[in-house]
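>>> Next comes the sequence, and after it the predicted model I'd like to discuss.
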Amino acid sequence: MEQAIAELMEDGEIRRHAKRAYTVYASRRKQMAFLIDSYLANKVTYKMPEGGLAYWLSINHPTDTGKLNKKLLQKGVSIIPTEPFSFHKTGLSAIRLGYASLTQEEMEAGFQILGEQL
């Protein structure tokens, strides 16, 4: 196993793969920012992530994300409710949206539905 990895490193395959992955994820990150601005402009605030593969969106009004998730599930969209992550068991009015495995079409459909439900 170590020999195989060493050969991939020596051949530059790992570097090429990392460069391709970076290009794909940078494009998805940019696309997600565009969709947030397009569908949720007055509903959330966010900062483009410097690392990782997800955005944290702060919803501009108090929102129970558990209830929001139930409404979204009826439309084929799923989020993870954030209330369980609160130290005080209070609502965070925030959602984490990952973009690593979504196509542009899936992201756009999801944001359209999310925009309708917020």
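Noted; the coordinates are in hand.
>>> Excluding chain neighbours, give the residue nearest to S86 in space.
L92 (5.4 Å; C-beta to C-beta, 6 or more residues apart in numbering). All C-beta atoms are positioned from the backbone trio N, CA, C, and that covers glycine.
>>> mind listing what the one you found touches?
T65, T82, E83, F85, S86 (C-beta atoms under 8 Å, 6 or more residues apart in numbering).
>>> So it: helix, strand or coil?
coil (DSSP: H, G, I helix; E, B strand; the rest coil).
>>> For P81, see how far away it is.
Taking C-beta to C-beta, to the nearest Å as the measure, L92 falls 9 Å from P81.
>>> any shared contact partners between these two?
With C-beta under 8 Å, 6+ apart, L92 and P81 have common neighbours T65.
>>> Spit out the contact partners of the residue nearest the centre of the chain.
Centroid check for the chain by C-alpha atoms, centre = their mean gives G98 as the closest residue, at 2.1 Å. Shown in contact with G98 (C-beta under 8 Å, 6+ apart): L53, A54.
>>> Tell me what it is bridged to.
Beta-bridge partners recorded for G98 (DSSP bridges): A54.
>>> Could you give the number of residues near N69?
17 (other C-beta atoms under 10 Å).
>>> list the contacts for L114?
L114 neighbours (C-beta under 8 Å, 6+ apart): Y39, L40, L72, V77, I79.
>>> chain center to the lowest-mean-pLDDT helix or strand in the chain, what's the gap?
When the helices and strands of the chain are scored by mean pLDDT, DSSP states H and E, helix 2-11 comes last with a mean of 75. Centroid displacement of helix 2-11 relative to its chain, using C-alpha atoms, centre = their mean, to the nearest Å, is 33 Å.
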